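Asker: fold the following, please.
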Amino acid sequence: MKRLFALLLLTAACARKPANVSATTTIAEAPPLPADVAAVSATATPAATTTSTTTAETSVAEATGDTIVATGEFIAPTRSELAVKMPGRVARMFVEEGSRVAKGQPVLELETDYLCINLQRANADVARAKAAAADAARDLDRKKELIAKDSIPRATFDRSQSNYDQAAAAVQAAEAQAALLRQQVSDATLRSPINGVVAEKRTDVGQRLGESSVALVIVQTSPLKLRFRVPERYVAQIHKGDDVKARVDPYPNAVFEGRVSTVGGVIDPATRSLAVETEFANRDGKLKPGLFARVEMAVR
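Answerer: Numbers count the residues shown, from 1 in each chain. Predicted coordinates for the structure are as follows:
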């Protein structure tokens, strides 16, 4: 019986040993991946590296090739804030926001009723002063004849001369007052100083404007300027007058042509780049200030 029990223990120990060896082998060696999964796993990291390298090379090629590709923004060369020269109430508005205006075109008019009345009175004062001056001139001419014959005292001639001088001065004063009122009537009409577009309308009919109050903002749209930056290594290859091409999102199939108008004289130490300013005629008005543009320029 004891011999049989010992034989059973030996058999159980031998059975457990292969089981342990098998378990250890299973943990050390993972089962193989399917073919499609293994292919993806093997190529994932190299593909990412290749894409990154290609993107970097494209960027360098655009920056260092024969054509400079940059981005910029169209800006108005002139922005004019129109302000009235004297206080007054708005009588008429001739434009709205977005209206195209020409240089010298009326855009706003203040009330001028009282100014016109004062001008009429000033004109009457001028006429009265001229009549008094003419009478003083005739009197002086008579006194000159009499003084030449010693027919009147010198004091009488001097009074005539003084009256004539005062009358002439009164004419000048009346004419100056009339000219001032005419200027005020003219200033009551606000005119555009440039060819452009009304960007802002800050007043309307019936509103009272104080002295130097801004009523309208007009921006120049023809020509337009486009500014962008290029790497410093192109400083010697960019010249005033060089051709530039630009594209904008609103007109994806259109290419707008301009010329370099200004090459910056200072390198930005932070970006090691140079500012370039170009000019586009924009006669058709398609381009607007603030538009984002993609620029292409051949370098020599």
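Asker: so where do the strands sit in the stretch 51-200 of the chain?
Answerer: Using DSSP state E, counting those that start in this stretch, the strands of the stretch 51-200 of the chain run over 67-75, 79-83, 88-93, 100-101, 106-110, 189-191, 196-201.
Asker: any chance of these in a markdown table, plus mean neighbour count, mean pLDDT and distance to A298?
Answerer: (Each C-beta comes from the backbone N, C-alpha and C, glycine too.) Formatted as a markdown table, the entries for the strands of the stretch 51-200 of the chain read as follows, by neighbours: other C-beta atoms under 10 Å; pLDDT from 0 to 100; distance: least, C-beta to C-beta, whole Å:
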| stretch | mean neighbour count | mean pLDDT | distance to A298 |
| --- | --- | --- | --- |
| strand 67-75 | 17 | 90 | 5 |
| strand 79-83 | 16 | 93 | 32 |
| strand 88-93 | 16 | 95 | 48 |
| strand 100-101 | 18 | 92 | 34 |
| strand 106-110 | 20 | 96 | 42 |
| strand 189-191 | 18 | 95 | 43 |
| strand 196-201 | 19 | 94 | 31 |
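Asker: which residues sit against stretch 142-155?
Answerer: Outside stretch 142-155, the residues that touch it by C-beta atoms under 8 Å, 6 or more residues apart in numbering are T156, F157, S160, Q161.
Asker: contacts only, for the spatially closest residue to V107 that is not a sequence neighbour.
Answerer: Nearest non-adjacent residue to V107, counting by C-beta to C-beta, 6 or more residues apart in numbering: V95, 4.8 Å away. Residues in contact with V95 (C-beta under 8 Å, 6+ apart) are V101, V107, L108, V198, K201, L216.
Asker: what secondary structure does V276 sit in?
Answerer: V276 falls in the strand class when you classify it by DSSP: H, G, I helix; E, B strand; the rest coil.
Asker: so it bridges to which residues?
Answerer: When assigned by DSSP bridges, V276 has beta-bridge partners F228, V263.
Asker: and it, what does it touch?
Answerer: The contact partners of V276, by C-beta under 8 Å, 6+ apart, come to R227, F228, R229, V230, I238, V260, T262, V263, G264.
Asker: tally up the residues packed near the residue nearest to the third one when sequence neighbours are not counted, please.
Answerer: Residue nearest to R229 in three dimensions, not counting chain neighbours: S273, with 4.1 Å by C-beta to C-beta, 6+ apart. For S273, the tally of surrounding residues (other C-beta atoms under 10 Å) stands at 18.
Asker: hang on, S273 packs against V230?
Answerer: Yes: with contacts defined as C-beta atoms under 8 Å, S273 counts as touching V230 at a distance of 6.2 Å.
Asker: quick one: residues contacting R247.
Answerer: A254, V255, F256, A293, R294, E296.
Asker: for it, what are phi and psi?
Answerer: The phi and psi torsions at R247 (degrees, to the nearest 10) take the values phi -130, psi 150.
Asker: for it, give the beta-bridge partners.
Answerer: R294.
Asker: that one and F280, how far apart?
Answerer: When distance is defined by C-beta to C-beta, to the nearest Å, R247 is 12 Å away from F280.
Asker: so what sits against both of those two?
Answerer: F256.
Asker: could I have the PyMOL command that selects the buried members from the contacts of V276?
Answerer: The PyMOL selection below is limited to those of the contacts of V276 classed as buried (16 or more other C-beta atoms under 10 Å):
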select buried, resi 227+228+229+230+238+260+263+264
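Asker: nearest to K288, of the contacts of V276?
Answerer: R227 (15.1 Å; C-beta to C-beta).
Asker: so who does the nearest residue to D139 once chain neighbours are set aside touch?
Answerer: Nearest non-adjacent residue to D139, counting by C-beta to C-beta, 6+ apart: S160, 5.2 Å away. Contacts here follow C-beta under 8 Å, 6+ apart; on that basis S160 touches A136, D139, L140, R142, K143.
Asker: now A188
Answerer: Neighbouring residues of A188 by C-beta under 8 Å, 6+ apart: M86, G88, E109, L110, E111, T112, L115.
Asker: for the protein, give the helix that spans the most residues.
Answerer: Taking DSSP state H as the assignment, the helix of the chain that covers the most residues is helix 113-148.
Asker: what angle sits between that helix and strand 88-93?
Answerer: Inter-element angle recorded for helix 113-148 and strand 88-93: 110 degrees (by axes from the mean of the first three to the mean of the last three C-alpha atoms, to 10 degrees).
Asker: so, low pLDDT: which residues of the stretch 151-300 of the chain?
Answerer: In the prediction, the stretch 151-300 of the chain carries residues with pLDDT under 70 at positions 300.
Asker: my read: V69 touches A298, true?
Answerer: No: taking contacts as C-beta under 8 Å, V69 lies outside contact range of A298: 10.8 Å.
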